[in-house]
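Peer 1: with the input below, show me the fold.
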Amino acid sequence: MKYVMYNKIIKISFFLAIFVVIMGAYTRISNAGLSCPDWPGCYGKIIVPNEIDGTEIEGYERPLEVAKAWKEMIHRYAASILGLMVFIILILTISGKQQLYQSIYLPSFTAFFILLQGLFGAWTVTLLLHPVIVTTHLIGGFITVLLITWLLLNQQRKINLTYIRVAKHHKFFLIATLLILFIQIILGGWTSANYAALSCGNEFPTCLGSILPNIDISKAISFGEFNTNYEYGVLENDARVAVQMIHRIGALVSTVAVFFMAYLFKNYLYLKSTLTIILTLLVLQLILGILNVMLSLPVITAVLHNVVALFLMIAMLVLAHKVFKVML
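Peer 2: Down below sits the predicted model:
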């Protein structure tokens with residue numbers, strides 16, 4: 001009975017973690033990140049105050065926008081429930097780890113990480129959308145999903161002797177590809193946090209009429225100060241163009257790496273279905289990235305771009321779990 005309940009809680013946590021990432025992306029892309037200027041409440045309340053849009057709440061300089069504020073609070077509510085679920089997983093693991101096919105280390109780290117993620121969620125608001133904090137919070141959301149994914153995969157202990165036949169250099173390239181994709185997601189987060197997605201206009205593959213536009217790389221990687229409001233971005237256009245171009249180059253490198261990895265793994269038949277999913281998601285991600293530029297960043301397309309990136313990383317983690325079969 002405990003095993004069944006444990007699995008259900010992990011599965012619920014998995015889908016809830018995905019929802020939290022999606023809601024976070026939607027909140028950020030719809031410019032609702034500072035719609036509740038305090039934390040953890042909203043204008044000092046547990047729920048969004050029932051006031052008319054545009055009116056100012058006493059004691060707060062920022063006018064209330066009810067619709068945006070609800071986006072932010074739904075994200076916070078879901079993240080809080082997820083944190084509770086992760087701690088329940090930890091408690092169940094401690095009380096019955098012999099029957100749950102799960103070590104204590106990963107649930108413990110996941111619980112610690114969810115607390116850290118909560119801190120970055122608070123700092124996202126209190127530090128006024130500082131790009132470093134926003135990007136770190138985004139990456140933290142992805143890592144949270146991946147940690148819970150590994151917990152879920154650990155519960156599916158199917159023994160297959162073909163796992164040991166993957167060549168060491170193929171395993172190494174799988175790790176390298178995971179690292180490349182992770183860096184690319186960081187670059188995507190940095191692009192979003194600096195409002196640089198449309199710095200090249202609606203052009204692709206060119207940017208401002210050129211393959212090699214004027215860029216300012218030094219300012220593109222500047223961490224900035226912590227006493228500035230970064231809503232809608234503060235970088236000059238040359239710096240934003242640099243951020244966008246680095247992200248595009250990262251997409252190219254990631255694409256080559258994933259396709260080459262798929263080529264290396266083509267003879268491992270038990271991995272074929274997972275590789276097909278990975279390649280499909282990669283192609284879809286490229287299409288969504290191009291559409292984001294050419295259609296001037298529609299909210300639905302931009303959110304889907306985040307979602308597919310997350311699913312791509314999940315699929316890569318499933319591949320890694322099949323290859324290494326390591327229970328943490």
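Peer 1: switch to C-alpha atoms for all contacts and neighbour counts from now on
Peer 2: Will do.
Peer 1: for the residue nearest to Ser199 when sequence neighbours are not counted, what are its contacts?
Peer 2: Take Ser199 and drop its neighbours on the chain: the residue closest to it by C-alpha to C-alpha, 6 or more residues apart in numbering is Val241, 5.2 Å away. Counting by C-alpha atoms under 8 Å, 6 or more residues apart in numbering, Val241 touches Ala196, Ser199, Cys200, Pro213, Asn214, Ile215, Asp216.
Peer 1: I'd say the fifth one and Asp238 touch.
Peer 2: Yes: Asn214 lies in contact with Asp238 (C-alpha atoms under 8 Å); the separation is 6.3 Å.
Peer 1: and those two? which has more neighbours close in?
Peer 2: Asp238 (18 against 14; other C-alpha atoms under 10 Å).
Peer 1: now the helix or strand harbouring that one: buried residues?
Peer 2: Element membership for Asp238 (DSSP states H and E) is helix 237-264. Using 16 or more other C-alpha atoms under 10 Å as the burial criterion, the residues of helix 237-264 that qualify are 237-248, 250-251, 254-255, 257-259, 261-262, 264.
Peer 1: and after it, which helix or strand comes next?
Peer 2: Next element after helix 237-264 (DSSP H and E): helix 272-294.
Peer 1: how far does that next one sit from its chain's centre?
Peer 2: Between the centre of helix 272-294 and the centre of its chain there are 16 Å (C-alpha atoms, centre = their mean, to the nearest Å).
Peer 1: and for stretch 281-298?
Peer 2: Here stretch 281-298 is found 17 Å from its chain centre; the criterion is C-alpha atoms, centre = their mean.
Peer 1: run through who's touching that stretch.
Peer 2: Here stretch 281-298 makes contact (C-alpha under 8 Å, 6+ apart) with 197-198, 200-204, 251, 255, 301-302, 304-305, 308-309, 311-312.
Peer 1: kindly state the pLDDT recorded for the residue most central in space within the chain?
Peer 2: Geometric centre of the chain, nearest residue: Phe142, 3.5 Å, by C-alpha atoms, centre = their mean. For Phe142, the pLDDT comes out at 98.
Peer 1: which residues of the stretch 101-250 of the chain fall in helices?
Peer 2: Secondary structure of the stretch 101-250 of the chain (DSSP state H, counting those that start in this stretch): helices located at 105-126, 131-154, 168-193, 217-220, 237-264.
Peer 1: run the angle between the last one and helix 168-193 for me.
Peer 2: Read it as helix 237-264. Helix 237-264 and helix 168-193 are oriented at 150 degrees to each other (axes from the mean of the first three to the mean of the last three C-alpha atoms, to 10 degrees).
Peer 1: now do helix 237-264, average pLDDT.
Peer 2: In the prediction, helix 237-264 has an average pLDDT of 97.
Peer 1: cool, and the shortest one?
Peer 2: Within the predicted structure, the mean pLDDT of helix 217-220 is 92.
Peer 1: what is the neighbour count of Leu212?
Peer 2: Neighbours around Leu212, by other C-alpha under 10 Å: 11.
Peer 1: can you count the residues close to the closest residue to Leu127 other than its chain neighbours?
Peer 2: Spatial nearest neighbour of Leu127, excluding adjacent residues (C-alpha to C-alpha, 6+ apart): Phe226 at 6.4 Å. Counted with other C-alpha under 10 Å, the neighbours of Phe226 add up to 15.
Peer 1: also the one 4 residues further on?
Peer 2: Taking other C-alpha under 10 Å as the criterion, the count of residues near Tyr230 is 19.
Peer 1: and the one 4 residues further on, by the same measure?
Peer 2: The burial count assigned to Val234 is 15, neighbours taken as other C-alpha under 10 Å.
Peer 1: residues in contact with it?
Peer 2: If you count contacts by C-alpha under 8 Å, 6+ apart, Val234 has them with Asn194.
Peer 1: if we go to 10 Å?
Peer 2: By C-alpha atoms under 10 Å, 6 or more residues apart in numbering, the contact list for Val234 reads Pro131, Asn194, Tyr195, Gly224, Thr228, Arg240.
Peer 1: what residues are up against the residue nearest to the centre of the chain?
Peer 2: So Phe142 contacts 17-18, 20-21, 136, 182, 185, 306-307, 309-311, 313-314 (C-alpha under 10 Å, 6+ apart).
Peer 1: and of the residues you listed, the nearest to Gln156?
Peer 2: Ile314 (15.4 Å; C-alpha to C-alpha).
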